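**Student:** Show me the folded form of this:
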Amino acid sequence: MIIKPGDLLASINSPADLRKLKPEQLLQVSQELRQYIIDVVSIHGGHFGASLGVVELTTALHYVFQTPYDQLVWDVGHQAYGHKILTGRRDNFHTNRKYGGISGFPKRKESEYDTFGVGHSSTSISAALGMAVASQYKQEEDRHHIAVIGDGAMTGGMAFEALNHGGATNANLLVVLNDNCMSIDPNVGALKEYLTDITTSRTYNKLRDELWNVLGKISKFGPNAQHIASKIESGIKATLSKQSNLFEGLNFRYFGPIDGHDINHLVSVMEDLKRIPGPKILHVLTTKGKGFALAEKDQTKWHAPGLFDKITGEIYKTHHDTPQPPKYQDVFGHTIVELAEKNEKIMGVTPAMPSGCSLNIMMKAMPDRAFDVGIAEQHAVTFSAGLATQGMVPFCNIYSTFMQRGYDQVVHDVCLQNLHVVFCLDRAGFAGADGPTHHGAYDIAYMRCIPNMVVAAPMNEQELRNMMYTASQDGAGPFTIRYPRGEGVMPEWRTPLELQQIGKGRTIQEGEGVAILTFGHIGNYAVDVCQKLSYDGINPGHYDMRYCKPLDEELLHHVFQKYNKVITVEDGCLQGGFGSAVLEFMVDKGYTSQVKRLGMPDQVFEHGSQLELHRDAGFDPTAIEKTVREMVGVAVKV
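**Tutor:** Below is the predicted model of the structure:
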């Protein structure tokens, strides 16, 4: 289905085209841009509310600044759809997040307007500051550098590290604080309250407006006016409420808050800010989901709603006549409540993803025992470690890709002290349409190399429940449970909780000729492959290892004594992963079997469905079957 943009938007193939328009035409451009995002995302899917909320801001930035010479950095990137449409990707926008299409996030190799690749939060200020310092060194005095960061991403410690550094420079850096009180879920913490105080203080806003008017008039009187304006600014701000002190104290000149949906005022303010050198912050107030009533009302639901009817707002759901397996995240969410009801030591922790990981179920049932700590993975880990020192059993749920951000804390604050923290790594393996910044590719390798850490992966919902139960027991120590995005395989998943022996795998089926060792949910591919191969008289053994660390050495001795051909399968990187652990065991014990490892090779994988990416990486069902046939010397069927 071809979706036509509005007349003005259709004429814009680059920001240079946008800058040819008259200021009075910008409102129409913004309206057409918002409608085009609604039209395309409703049919093709993707992130939704974040981009709707910054339509006017995006338009103003590209209208005022000479992008791509002036460098614009988006934090996280959920909100960059309008940016992509205005920078030459309008006609390809329908391929967004699809296999072979454009990325859902800014990406350097995709466009010169994407100055920095993003996907994780709180990086924009550091990146833009680096660009600004480089431009300063190269004497590019006319070049501007703009970081657009949300109030949710501003809670990440890295953002404050960058502010601390940036305030000590005279770099030409503008930080646009997009304040909508949301990330994916509502923002939490003292910073949110602080920003709310700024936006609601009548005294502050009255004096701010007066200051703005005075500075605007003085600026017309030439170079000496800058010194006069600075004196007036300092004097007035000294009388303002304490809310103005945070950013000013970091030596950033603070402007705002202003209405982020008033396109003409945005343009006027940004034109003024272009003439003010040094580090500065523009505080912009926006509404996530702006222009689509349902998205404004339920911003979490409409962050990435899937396909929907743009007229009625109905989100399309697939209807089934029989019960379907739940998502792994929901199994986690319900099971932790079940465990916490029986064990008063259990607590839940997540960095800003309560709905994504389903800890919101516990937050509702036990609000004093479940914590959203904001976009702060490092803090989430060490906070959990602190809980553990006092006898608590924290379940710290972090997406696998985001766990990388708290890795130092895992090593030093949890494992070296052998503290009982349970890490539940959601979205482990290929994450799908979110692409390489969100793939959970490396956690097996980086967790299994740390002393004291247990590393486990369930093949189904029952195993996830039992691993969580096992990990909650006294003396379990640091414990990692990884599971993928999406659904499991058991519609009837509420099975009785049973303790597992840590490091003990299970036999799915004995076989002959070749053994398949699987780790995690990907083992379900092998079940289907083994059944298919049996029709041709090929009967491989299949073993669900459950634990990558410690390995089930008894089971591995059995495998290497019985089979001289072994295949390992994992949804993670091959270097240092599960297959590597098996090879280490084989070499250490003196076995000489032929081993073929299937998993993610040493390359970056783009976005697509999980099955498409499994195919590209060479461990989808077809690849597993092909490998078995090759190893047993039976022709591969075409």
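
**Student:** Pull the contacting residues for T350.
**Tutor:** Neighbour list for T350: 357, 359, 371-373, 380, 396-398 [criterion: C-beta atoms under 8 Å, 6 or more residues apart in numbering]. No exception for glycine: its C-beta is placed from N, CA and C like everyone else's.

**Student:** repeat that for 7 Å
**Tutor:** 357, 359, 372, 380, 397-398 (C-beta atoms under 7 Å, 6 or more residues apart in numbering).

**Student:** How about S124?
**Tutor:** S124 makes contacts with 73-75, 147-149, as judged by C-beta under 7 Å, 6+ apart.

**Student:** now the helices: where do they sit in the stretch 401-550 of the chain?
**Tutor:** 407-409, 443-448, 461-471, 523-534 (DSSP state H, counting those that start in this stretch).

**Student:** Include distance to G289 when you put the ones you listed into CSV, please.
**Tutor:** Formatted as CSV, these follow (distance: least, C-beta to C-beta, whole Å):
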stretch, distance to G289
helix 407-409, 34
helix 443-448, 33
helix 461-471, 33
helix 523-534, 37
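
**Student:** As TSV, the contacts of S124 with pLDDT, distance to A340 and secondary structure would be great.
**Tutor:** As requested, the contacts of S124 are exported to TSV (pLDDT from 0 to 100; distance: C-beta to C-beta, whole Å; DSSP: H, G, I helix; E, B strand; the rest coil):
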residue	pLDDT	distance to A340	secondary structure
V73	96	41	strand
W74	95	38	strand
D75	94	34	coil
A147	96	40	strand
V148	96	39	strand
I149	94	35	strand
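
**Student:** now, which of the contacts of T350 lie within strands?
**Tutor:** Taking DSSP state E as the definition of strands, the contacts of T350 contribute 372, 397-398.

**Student:** Most neighbours among these, which one?
**Tutor:** Neighbour counts for those, by other C-beta atoms under 10 Å, peak at N397, which reaches 29 neighbours.

**Student:** one step back: among the helices of the stretch 401-550 of the chain, which is nearest H120?
**Tutor:** helix 407-409 (13.0 Å; C-beta to C-beta).

**Student:** on contacts alone, who are the packing partners of that closest one?
**Tutor:** In terms of contacts (3 or more C-beta pairs under 7 Å, 6 or more residues apart in numbering; DSSP states H and E), helix 407-409 is packed against helix 377-389.

**Student:** Report the distance from the helix it packs on to the chain centre.
**Tutor:** The chain centre lies 20 Å from the centre of helix 377-389; the measure is C-alpha atoms, centre = their mean, to the nearest Å.

**Student:** what packs against that helix?
**Tutor:** Counting by 3+ C-beta pairs under 7 Å, 6+ apart, the packing neighbours recorded for helix 377-389 are strand 346-350, strand 393-399, helix 407-409.

**Student:** mind putting those in JSON lines, mean pLDDT included?
**Tutor:** As requested, those are exported to JSON lines (pLDDT from 0 to 100):
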{"stretch": "strand 346-350", "mean pLDDT": "98"}
{"stretch": "strand 393-399", "mean pLDDT": "98"}
{"stretch": "helix 407-409", "mean pLDDT": "97"}
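
**Student:** Now distance to P478 too, for the ones you listed, in CSV please.
**Tutor:** Shown next, in CSV, are the helices and strands packed on helix 377-389 (distance: least, C-beta to C-beta, whole Å):
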stretch, distance to P478
strand 346-350, 14
strand 393-399, 10
helix 407-409, 12
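
**Student:** ok, back up a step: same list, the helices of the stretch 401-550 of the chain, but as TSV with mean neighbour count please.
**Tutor:** Below are the helices of the stretch 401-550 of the chain laid out as TSV (neighbours: other C-beta atoms under 10 Å):
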stretch	mean neighbour count
helix 407-409	16
helix 443-448	24
helix 461-471	23
helix 523-534	19
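
**Student:** I'd assumed L177 was in contact with V148.
**Tutor:** No - look at V148 against L177 with C-beta atoms under 7 Å: they stay out of range, at 8.5 Å.

**Student:** how about the helix or strand where G130 lies: buried residues?
**Tutor:** Applying DSSP states H and E as the criterion places G130 in helix 124-137. Residues of helix 124-137 classed as buried: 124-133, 135-136 (neighbour count, 16 or more other C-beta atoms under 10 Å).

**Student:** do stretch 544-560 as well
**Tutor:** 544-549, 551-552, 555-556, 558-560.

**Student:** Can you pull the domain assignment for the chain?
**Tutor:** The chain breaks down into these domains under automatic domain parsing: 7-201+241-297, 328-482, 506-632.

**Student:** Just the CA coordinates for the lengthiest strand in the chain, please, in CSV.
**Tutor:** With secondary structure taken from DSSP E, the chain has its longest strand at strand 565-573. Provided in CSV are the C-alpha atoms of strand 565-573 (Å, rounded to 0.1, in the frame of the first residue of the first chain):
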residue,chain,number,x,y,z
LYS,A,565,30.2,-36.1,16.3
VAL,A,566,28.7,-33.3,18.4
ILE,A,567,26.7,-30.2,17.5
THR,A,568,26.2,-27.3,19.9
VAL,A,569,23.4,-24.8,19.4
GLU,A,570,23.0,-21.4,21.1
ASP,A,571,21.3,-18.1,20.6
GLY,A,572,24.4,-16.1,21.4
CYS,A,573,27.9,-15.3,20.2
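
**Student:** got the angle for it vs helix 523-534?
**Tutor:** Counting by axes from the mean of the first three to the mean of the last three C-alpha atoms, to 10 degrees, strand 565-573 points 150 degrees away from the direction of helix 523-534.

**Student:** Would you list the strands that strand 565-573 pairs with, along with their directions?
**Tutor:** Strand pairing for strand 565-573, determined by DSSP bridges: strand 515-519 (parallel), strand 594-600 (parallel).

**Student:** closest to I38 out of the ones you listed?
**Tutor:** I38 lies closest to strand 594-600 among these, at 35.7 Å (C-beta to C-beta).

**Student:** Just the buried positions in the next helix or strand after the closest one, please.
**Tutor:** Next along the chain after strand 594-600, taking DSSP H and E as the criterion, comes helix 610-617. By neighbour count with 16+ other C-beta under 10 Å, helix 610-617 contains the buried residues 610, 612-617.

**Student:** Repeat that for stretch 627-637.
**Tutor:** In stretch 627-637, counting by 16+ other C-beta under 10 Å, buried: 627-629, 631.

**Student:** Present the residues you listed as CSV; the columns should include distance to Y69, pLDDT and secondary structure.
**Tutor:** Compiled in CSV, the buried residues of stretch 627-637 are given as follows (distance: C-beta to C-beta, whole Å; pLDDT from 0 to 100; DSSP: H, G, I helix; E, B strand; the rest coil):
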residue, distance to Y69, pLDDT, secondary structure
T627, 51, 97, helix
V628, 56, 97, helix
R629, 56, 96, helix
M631, 56, 95, helix
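
**Student:** what's the distance between E161 and Q378?
**Tutor:** With distances taken as C-beta to C-beta, to the nearest Å, E161 is found 11 Å from Q378.

**Student:** neighbour-wise, which of these two wins?
**Tutor:** Q378 (19 against 13).

**Student:** pLDDT weak spots in the chain?
**Tutor:** Low-confidence segments of the chain (pLDDT under 70): 182-245, 637-638.

**Student:** mind running it again at 80?
**Tutor:** Low-confidence segments of the chain, defined by pLDDT under 80: 1-2, 181-245, 635-638.

**Student:** Longest helix in it, please.
**Tutor:** helix 26-44 (DSSP state H).

**Student:** for whichever helix or strand comes after that helix, the distance to its chain's centre please.
**Tutor:** Next along the chain after helix 26-44, taking DSSP H and E as the criterion, comes helix 49-53. Distance of helix 49-53 from the chain centroid (C-alpha atoms, centre = their mean) equals 16 Å.

**Student:** would you put the C-alpha positions of helix 49-53 in PDB?
**Tutor:** In PDB, the C-alpha atoms belonging to helix 49-53 read as follows (Å, rounded to 0.1, in the frame of the first residue of the first chain):
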ATOM      1  CA  GLY A  49       4.500   7.900  20.700                       C
ATOM      2  CA  ALA A  50       8.000   9.200  21.000                       C
ATOM      3  CA  SER A  51       8.300  10.500  17.400                       C
ATOM      4  CA  LEU A  52       4.800  12.100  17.500                       C
ATOM      5  CA  GLY A  53       6.000  14.000  20.600                       C
END
